[in-house]
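Undergrad: The sequence and its predicted three-dimensional model are supplied below.
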Amino acid sequence: QFSPLPVPVPVPVLMAPPLSLCLVALLVSELRPAGALPTASGLKLRAHTPHAGASAAPALLFQDYRLAPHATGARRARARKGLAAASAPDDALLGAVLPLVSIESSNQTLALNERALRVLSRLPPPVCTLSMVGAPRDGKSSWLNMYSRWLRARWTTTGRAEGAFGVQHELFGRGTAGAWLQTLTGAGRRPLPGTPCVSLVLVDTQGLSGALPALFDLVSLAILTSSAVLLNVMYQLNEEALEGLRGVTAHARRRLADGVTTGDPPKLWVLLRDARLSHEQGGRPMLPDGVLHAALQPTGDQLDAVRADMSALFANRSMALLRQPDEVDLEHMAGADGVPPEGRPFWASFEAAAQRATASLRPKVVGGVPLSGELLAATVHQLTEQLNANQKSVSAQHTVVALLQQQAQVAVAAARGVFEQLAPAVDGGAGRLALTLPHASLEWRIRNATQARCG
């Protein structure tokens, strides 16, 4: 059973008898491989029109239909051959660490790396995304590198198993610039053990320092497009740590409006690093989640706004504690593989955090629609344009609905083109005869034409 399309259906389609299954299969194959597009069951198709500054067509979702829907034969074959040739080098980048977003300091906008988007678009679903945010030079990239290697030791993946997020050990180093990603896909499309994730995207973001609008937009983009967000905090989630989050949380809540709170917010993991204080309340030890809950309770001071913003942005949140690495751990982490030795206290705390974070991973869903790699890439592209255009309210749900509506429009246009090619002209003898034939006869004629076209 199919839901009604959220676009006007052309009159020829409404007047036509039911099409054959072969024709439907042809139409679907013209659009995307089976299973590559999400379903929209239960989706309320009341999309807000994208901002006027956004491009009319998403960069990736319908690249095969940049030609007119009626284009056929050699022209479409040449287009597909070109797309296949362009995607071949991209397949070799699966598993590699690539720049995803850079910040244009001159005008405080975000610039996307098209190659990273193409790699993202080719990920098989279900796709889970995990983004790391936090202060600069506090070990975000190191944790992701450890996590990536920990995952690949337990999960056979396709693509390259080399490369790492950039780590700087200098005290005053710049740290990560913009956002970088690494994509992992299970060999044979086998999911990450203990999760439904066939593909996993790891995103490392620039450290939070200063009050740069584009940096705040970058974090907002990560919140909108991630299944889980890891917030890296050193020592304790105290007043100093909350003050460092004031600008970005206020910016995200203002820009995203109801785009997160009424949609599908990501899971927040607070990674409390090198915790040096005992966590007790009333003389009793507190579990990490209890520590986080207590830290976000209002106290009547000026940081209550930050606590409220974090609670609103992340309804589902947890905390994990990491021990402080010793000299042996740091020496190994500074080495070529960047992994501390196993069996030591720091590794045990890391592995416990990694296991908890992995067990909580879920495919990225927006408005009830699981995002395939293709739809995720198109959503990232559109949201970036909306953020760059300073759109007042940015919503992942409205953006995904608009993309699906455009997809429906392309599908209807393609169906109309196929029907016009197969159906005889009404003013001719064959057309007048077709109008008087029973459905089975017309079905037979369309099936023959479809099989000839498929051949």
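TA: Received it, and whenever you're ready, just let me know what you need.

Undergrad: Tell me where the longest helix sits in the protein.
TA: helix 396-422 (DSSP state H).

Undergrad: quick one: buried residues of that helix?
TA: By neighbour count with 16 or more other CB atoms under 10 Å, helix 396-422 contains the buried residues 396-419, 422. All C-beta spots, glycine's among them, are computed from the backbone N, C-alpha and C.

Undergrad: Report all helices and strands that the helix or strand where A214 lies contacts.
TA: When secondary structure is defined by DSSP states H and E, A214 falls within helix 213-225. Helix 213-225 is packed against strand 97-104, strand 109-112, strand 127-134, strand 179-185, strand 199-205, helix 239-256, helix 258-261, helix 373-388, with contacts defined by 3 or more CB pairs under 8 Å, 6 or more residues apart in numbering; DSSP states H and E.

Undergrad: who's in contact with P196?
TA: Listed by CB atoms under 8 Å, 6 or more residues apart in numbering, the contact set of P196 reads P126, C128, R362, P363.

Undergrad: swap the cut-off to 10 Å and go again
TA: Contacts for P196 were tallied using CB atoms under 10 Å, 6 or more residues apart in numbering; they are P125, P126, C128, L361, R362, P363, P370.

Undergrad: Point out where the stretch 201-350 of the chain drops to low pLDDT.
TA: 257-263, 276-283 (pLDDT under 70).

Undergrad: at 90 instead, please
TA: Across the stretch 201-350 of the chain, the ranges flagged by pLDDT under 90 are 207-212, 234-238, 251-265, 273-291, 294, 312, 324-326, 329-343.

Undergrad: circling back: possible to save the helices and strands packed on helix 213-225 as a markdown table with mean neighbour count and distance to R118?
TA: Listed next are the helices and strands packed on helix 213-225 as a markdown table, based on neighbours: other CB atoms under 10 Å; distance: least, CB to CB, whole Å:
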| stretch | mean neighbour count | distance to R118 |
| --- | --- | --- |
| strand 97-104 | 20 | 10 |
| strand 109-112 | 19 | 11 |
| strand 127-134 | 25 | 15 |
| strand 179-185 | 24 | 11 |
| strand 199-205 | 25 | 14 |
| helix 239-256 | 18 | 27 |
| helix 258-261 | 18 | 26 |
| helix 373-388 | 25 | 7 |
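
Undergrad: Those: which one's closest to L215?
TA: strand 97-104 (6.4 Å; CB to CB).

Undergrad: Name the strands paired with the closest one and say parallel or antiparallel.
TA: Note on strand 97-104: by DSSP bridges, its sheet partners are strand 109-112 (antiparallel), strand 179-185 (antiparallel).

Undergrad: So what angle separates the directions of that strand and helix 373-388?
TA: 20 degrees (axes from the mean of the first three to the mean of the last three CA atoms, to 10 degrees).

Undergrad: picking that back up, would you format the helices and strands packed on helix 213-225 as a markdown table with distance to G338 included?
TA: Below are the helices and strands packed on helix 213-225 laid out as a markdown table (distance: least, CB to CB, whole Å):
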| stretch | distance to G338 |
| --- | --- |
| strand 97-104 | 12 |
| strand 109-112 | 27 |
| strand 127-134 | 15 |
| strand 179-185 | 13 |
| strand 199-205 | 13 |
| helix 239-256 | 25 |
| helix 258-261 | 33 |
| helix 373-388 | 27 |
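
Undergrad: quick one on the thing from earlier: summarise which helices and strands the longest helix of the chain is packed against.
TA: helix 11-15, helix 21-31, helix 213-225, helix 258-261, strand 365-366, strand 369-370, helix 373-388, helix 439-454 (3 or more CB pairs under 10 Å, 6 or more residues apart in numbering; DSSP states H and E).
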